[in-house]
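Engineer: next input, structure requested:
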Amino acid sequence: MDLVEPQRRRRGSELETAILDAAWQLLAEHGYGAFTIDAVAQRAGTSKPVIYRRWKDKHELVRAAVRQASRISRRPMPDTGSLRGDLLALADHANRERLPLAAIITVHLGSYFEESGTSPADLRDVILDGGTTVMDALLDRAVQRGEIDGARLTPRIRDLPFSLFRHEVLMTLRPVPQKVMEEIIDTIFLPLVTDDDRP
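Structural biologist: Next up is the predicted model:
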């Protein structure tokens, strides 16, 4: 007779990762409307008390799951030698790795925002967790290289390329074509942050 090996008990970060993975999968597959602590516990193979010892309610669990998913899909800062190349590389990565995250935040979490009284902007702050964005790092490096004029980088202009990127994604629900991203960078963004009088 074959012996069945008992399931190994998970603890600490391993258990927490399993719970957050289960929470993210539920959000991705069924949206916030079907998101319950019971459902997460069942999918993660754990119990409700175990989850409540780590997160006080399902709002906290949603934020933690989104933060972890964002970290997994984050890429190292590109370095192509130019701001234009870096922005195109970042957009390509976002097309391939970040669209599911964006779709869940904007489409599947509508009920969460209404119920918690928050917004996608609040969730973005949770994801950043006090850190800087890759976009900010790319722009600061471009200023140091003398490619762009740092005095022109207002907060709104800093966010402009990917605000337009997000708009394209929301309007089409598809990856943003490279020619569209090139138009955003070449005809809208770079003229705003470069010195037209430079040789």
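
Engineer: domains of this protein?
Structural biologist: What automatic domain parsing lists as the domains of the chain is 11-73, 77-199.

Engineer: give the contact list for residue 82.
Structural biologist: residue 147 (Cβ atoms under 8 Å, 6 or more residues apart in numbering). Using the backbone N, CA and C atoms, a C-beta is placed for each residue, glycine as well.

Engineer: now do it against residue 157, distance only.
Structural biologist: 18 Å (Cβ to Cβ, to the nearest Å).

Engineer: okay, residue 73: pLDDT?
Structural biologist: According to the prediction, residue 73 has pLDDT 64.

Engineer: cool, residue 132 as well?
Structural biologist: 75.

Engineer: same check, this time on residue 1
Structural biologist: At residue 1, pLDDT is 41.

Engineer: could you check the pLDDT of the most centrally placed residue in the chain?
Structural biologist: Centroid-nearest residue in the chain, with Cα atoms, centre = their mean: residue 70, separated by 4.2 Å. Listed pLDDT for residue 70 reads 83.

Engineer: what of residue 126?
Structural biologist: 81.

Engineer: tell me the contacts of it?
Structural biologist: Here residue 126 is in contact with 63, 66-67 (Cβ under 8 Å, 6+ apart).

Engineer: picking up where we left off before, comparing the domains of the chain, which yields the minimum mean pLDDT?
Structural biologist: Among the domains of the chain, domain 77-199 scores lowest, at a mean of 88.

Engineer: for ChimeraX, what selects the buried ones among the contacts of residue 126?
Structural biologist: To isolate the buried ones among those in ChimeraX, judged by 16 or more other Cβ atoms under 10 Å, type:
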select :63,66
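
Engineer: of the contacts of residue 126, closest to residue 186?
Structural biologist: Checking those against residue 186 by Cβ to Cβ gives residue 66 as the nearest, at 32.6 Å.

Engineer: the host helix or strand of the closest one - contacts with which helices or strands?
Structural biologist: For residue 66, the host element (DSSP states H and E) is helix 58-73. Here helix 58-73 touches helix 12-30, helix 37-44, helix 99-103, helix 110-116, helix 120-128, going by 3 or more Cβ pairs under 8 Å, 6 or more residues apart in numbering; DSSP states H and E.

Engineer: those into TSV, with extra columns for distance to residue 183?
Structural biologist: Listed next are the helices and strands packed on helix 58-73 as TSV, based on distance: least, Cβ to Cβ, whole Å:
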stretch	distance to residue 183
helix 12-30	31
helix 37-44	42
helix 99-103	19
helix 110-116	30
helix 120-128	25
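
Engineer: nearest to residue 171, out of those?
Structural biologist: Of all the helices and strands packed on helix 58-73, helix 99-103 comes closest under Cβ to Cβ, at 12.4 Å.

Engineer: how far off centre is the closest one?
Structural biologist: The chain centroid and the centroid of helix 99-103 are separated by 7 Å under Cα atoms, centre = their mean, to the nearest Å.
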